[in-house]
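Asks: Predicted coordinates and the sequence they were generated for:
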Amino acid sequence: MTEKYIYIDQNVIGDASDGNFTLPVSSDFDWVYSIEHFNEIKRGGDKRFLTVLSELKARKLELVLDDNFRITGDAKINQFEDPHHLYEKYIQTVDEVPVDENLFIQPLARMLGADNYDTLTSLPDNLERELTVLLGTAGLLDTESSARIKDTVDASRTLVSEYLKDRVPLELARKGLGTHNGRAGNIAERENPLEDLWGLIRDRVGTLTADQFFGFDPIEKQGYENVPLYLGIVGCYTVLNFVGLRPDEGLSKVKRIPAVMSDGAHVANAAYCHALISGDRRLCSKARAIYKYKSIGTTVLHLAPKNELAKPQ
């Protein structure tokens, strides 16, 4: 029998932990989770999620990396191993070299309308310090890497001083794209929402192609010849929030950004599974739109409130 994998969103695990419903364990399919679940558990400090994953015999999905620790575009789903044990190993690893999440959170929050420019001004110096410590700890800080750090820091200074200096409210930015007043949301349930969305904005984004705009073929490829699908999905999820296609709540609040980033990562991880199940209707809508646009076969299931059965979104 061909194995079926169902990726389970964190909110569903939380509801199961609270006793709102019982998730079945079946020989017909396997529940799947990823390191993003561990990231959320670490932020929230609630290890009850691990008990649910253990009871479900959930299997951990891992992205396949190359010799330089870069995403290859492939993933593997490991055999069951106690999530409590895996989480402790994860904590030990991330605590060896702590990374300042603000390096990623603050710029994204600014692009989504946050009033955080004072914090952003310290970004380049913090970035230089973090990269120096990170590479130094790994024994990789040489002349070449130091030069790359300098280039990266210089680019961050330009980003902050030129592109992020002025705060642009999201609705004003959406007006410039023609997706304001809920126009993007109105097409969310169409057959191929991203194609229709592109029809709204294509004449307003210069020479960009659809894949460039949505993040699947960005102009800046972070050193990749072809950006892996996983990163493309994460980028697209952010773009859909930006343009207003079933946007997540609180996008302009810095404290909400980690959760939004996790949602995008969950959708990207689930692309390697047969189905994604979530209690977040907004996430389901964006996931369905992304999967349709990229011809990804993952079925999106929304677990509705009041113990309704999961159903295709």
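Replies: Yep, that arrived. Computed from a predicted model, the values in this text were never measured in an experiment. Numbering: from 1, shown residues only.
Asks: Does L134 lie in a helix or a strand, and which?
Replies: helix 123-137 (DSSP states H and E).
Asks: make that T93, sorry
Replies: Residue-wise, T93 maps onto helix 83-96 under DSSP H and E.
Asks: what comes up buried for that helix?
Replies: 83, 86-87, 90 (16 or more other C-beta atoms under 10 Å). The C-beta positions use only the backbone N, C-alpha and C, and glycine is treated the same way.
Asks: Need the contact partners of whichever helix or strand comes after that helix.
Replies: Going down the chain from helix 83-96, the next helix or strand is helix 102-111, by DSSP H and E. Applying C-beta atoms under 8 Å, 6 or more residues apart in numbering, the external contacts of helix 102-111 come out as 114, 116-117, 119-120, 123, 126-127, 130, 159-160, 164, 167, 238, 242, 252-254, 257-258, 261.
Asks: ok, 10 Å please
Replies: 100, 114-117, 119-120, 122-124, 126-127, 129-131, 156, 159-160, 163-168, 170, 173, 238, 241-242, 251-258, 260-261 (C-beta atoms under 10 Å, 6 or more residues apart in numbering).
Asks: Output the contacting helices and strands for the following helix or strand past it.
Replies: Using DSSP H and E, the helix or strand that follows helix 102-111 in sequence is helix 117-120. Where contact means 3 or more C-beta pairs under 10 Å, 6 or more residues apart in numbering; DSSP states H and E, helix 117-120 is packed against helix 102-111.
Asks: Mind giving me the ChimeraX command for buried ones among the contacts of helix 102-111?
Replies: Here is the ChimeraX command that selects the buried residues among the contacts of helix 102-111 (16+ other C-beta under 10 Å):
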select :114,116,119,120,123,124,126,127,130,131,156,159,160,164,170,173,238,241,242,251,252,254,256,257,258,260,261
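Asks: Quick check: I6 is in a strand.
Replies: Yes - per DSSP: H, G, I helix; E, B strand; the rest coil, I6 lies within a strand segment.
Asks: Determine the number of other residues adjacent to the closest residue to V227 other than its chain neighbours.
Replies: Nearest residue to V227, sequence neighbours excluded (C-beta to C-beta, 6 or more residues apart in numbering): K221, at 5.3 Å. Counted by other C-beta atoms under 10 Å, the residues lying close to K221 total 11.
Asks: Which of the helices or strands spans K221?
Replies: K221 belongs to no helix or strand, assigned by DSSP H and E.
Asks: Across the sheet, point out what pairs with Y33.
Replies: K60 (DSSP bridges).
Asks: got the contact list for it?
Replies: Per C-beta under 10 Å, 6+ apart, neighbours of Y33: 7-10, 13, 49-50, 52-53, 56, 58-61, 77, 83, 86, 266, 269.
Asks: Likewise for S146?
Replies: Contacts of S146 (C-beta under 10 Å, 6+ apart): 131-132, 135.
Asks: can I get these in TSV with distance to A210?
Replies: Listed next are the contacts of S146 as TSV, based on distance: C-beta to C-beta, whole Å:
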residue	distance to A210
L131	33
T132	38
L135	36
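Asks: any idea which of these is least confident?
Replies: Lowest pLDDT among those: L135, with 82.
Asks: Would you mind confirming that that residue makes contact with T152?
Replies: No - between L135 and T152 there is no contact under C-beta atoms under 10 Å: 11.2 Å.
Asks: quick one, which of these two is more surrounded?
Replies: The neighbour comparison of L135 against T152 (other C-beta under 10 Å) goes to L135, with 17 against 14.
Asks: Please name the residues that touch the residue lying closest to R256 once chain neighbours are set aside.
Replies: Of all residues beyond its chain neighbours, the one nearest R256 is G250 (3.9 Å), with distances taken as C-beta to C-beta, 6+ apart. The contact partners of G250, taken as C-beta under 10 Å, 6+ apart, are 112, 256-257, 259-260.
Asks: Pull the most distant pair out of those.
Replies: Across the contacts of G250, the longest distance by C-beta to C-beta is 12.6 Å; it joins L112 and A259.
Asks: All the strands of the protein, in order from the start?
Replies: 5-8, 30-34, 59-65, 71-77, 275-278, 299-302, 311-312 (DSSP state E).
Asks: Reformat these as TSV; add mean pLDDT.
Replies: Putting these into TSV (pLDDT from 0 to 100) gives the following:
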stretch	mean pLDDT
strand 5-8	98
strand 30-34	98
strand 59-65	97
strand 71-77	94
strand 275-278	98
strand 299-302	96
strand 311-312	42
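Asks: Need those in JSON lines (columns: distance to R183).
Replies: Formatted as JSON lines, the strands of the chain follow (distance: least, C-beta to C-beta, whole Å):
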{"stretch": "strand 5-8", "distance to R183": "30"}
{"stretch": "strand 30-34", "distance to R183": "33"}
{"stretch": "strand 59-65", "distance to R183": "35"}
{"stretch": "strand 71-77", "distance to R183": "33"}
{"stretch": "strand 275-278", "distance to R183": "25"}
{"stretch": "strand 299-302", "distance to R183": "23"}
{"stretch": "strand 311-312", "distance to R183": "25"}
